[in-house]
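Enquirer: okay, structure incoming, though there's no sequence with it:
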């Protein structure tokens, strides 16, 4: 049974570039999703070529969007206790355009104001100073 998942999260560490046994490049990262006590860490292996090309942008604290196959995982912890977690084999991974990754945008001037100074545009604006009572 395959479970497909999509999530927004925050990278806990910088993404690592790896090569699979079949010689395919991928990114390995840990993503925290959720808030407060409901937060969950998910191990992600991203095979998305666009994400791999931007690996240097996937740094600790960056917000990411991930889609892929979700699987539960178990492993033996350092103290000998069985641990449980989640992992995603991702086919689509992008930097999210929210939070820390939000691009800085300059406001565009109004179409009629382009090419004119602010003073000239203000002088050309019609004003009606009459106050009707």
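Expert: Alright, I've got the coordinates. Please read these numbers as outputs of a predicted model, since none were measured by experiment.
Enquirer: is residue 26 bridged to anything, and to what?
Expert: In this structure, residue 26 has beta-bridge partners residue 18, where bridges are defined by DSSP bridges.
Enquirer: ok, now how distant is the nearest residue to residue 20 once chain neighbours are set aside from residue 77?
Expert: In space, not counting the residues next to it along the chain, residue 20 is nearest to residue 26; the distance is 6.0 Å by C-beta to C-beta, 6 or more residues apart in numbering. In short, each C-beta sits where N, CA and C put it, glycine included. When distances are taken as C-beta to C-beta, to the nearest Å, residue 26 and residue 77 turn out to be 25 Å apart.
Enquirer: higher neighbour count, the two?
Expert: In this view residue 26 and residue 77 are compared by other C-beta atoms under 10 Å, and residue 26 has more residues nearby, 23 against 8.
Enquirer: for residue 89, what are its contacts?
Expert: By C-beta atoms under 8 Å, 6 or more residues apart in numbering, the residues touching residue 89 are 45, 47, 68-69, 71.
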